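Trainee: Pasting a predicted model and its sequence here:
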Amino acid sequence: MKCIEYNDGYKYQLKETCSLSIEIRPDKNISTPFILLDTQGNLTIMKGYAWDGPSGPTIDTLTFMRGSLIHDALYQLMREKELDHDKNREAADQILQRICKEDGMCSLRAWWVYHGVRLFADPAADPASKRPAILAPKGCQP
């Protein structure tokens, strides 16, 4: 029986490549199939990248979407051990807050977003927290 292998938990897919300069500057260039980050802090997230949007008890608003995309990509790089989790997690959370404010989120909500990820999002950046692959249909063999 033929089967597919996939990851769940994603709601959004990037329709065009997104590039911006961020404060995180790795020691070496990072290149994955969907995320590039060079030593100058130039982050590129490729067309087709999938992410789950804002997490937690929140509403997916336009002021949160770009920040959630960038934050999810940075957390993915930490999970995949491309970026050091201990060294870069707080900076990634600060970038989320900054981008949300740039995109029009009120300062109070951006403050709550930042403190929410500081308190509860560590497992999402932890290299031990990989999303398991799912096989379908039930009982198929890869």
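Mentor: Everything's here; your move.
Trainee: now the helices for this structure?
Mentor: For the chain, the helices defined by DSSP state H cover 62-79, 85-102, 107-120, 122-125.
Trainee: Spell out which residues sit in contact with the most centrally placed residue in the chain, please.
Mentor: Nearest to the centroid of the C-alpha atoms of the chain, with distances taken as Cα atoms, centre = their mean, sits D72, at 0.8 Å. Taking Cβ atoms under 8 Å, 6 or more residues apart in numbering as the definition of contact, the neighbours of D72 are W51, D52. To be clear about C-beta, it is placed using only N, CA and C from the backbone, and glycine gets the same treatment.
Trainee: same check, this time on the one 5 residues further on
Mentor: Each residue near L77 by Cβ under 8 Å, 6+ apart is listed here: I30, T32, I35, L37, L83.
Trainee: do the same with A121
Mentor: A121 is in contact with S55, G56, Y75, D93, counting by Cβ under 8 Å, 6+ apart.
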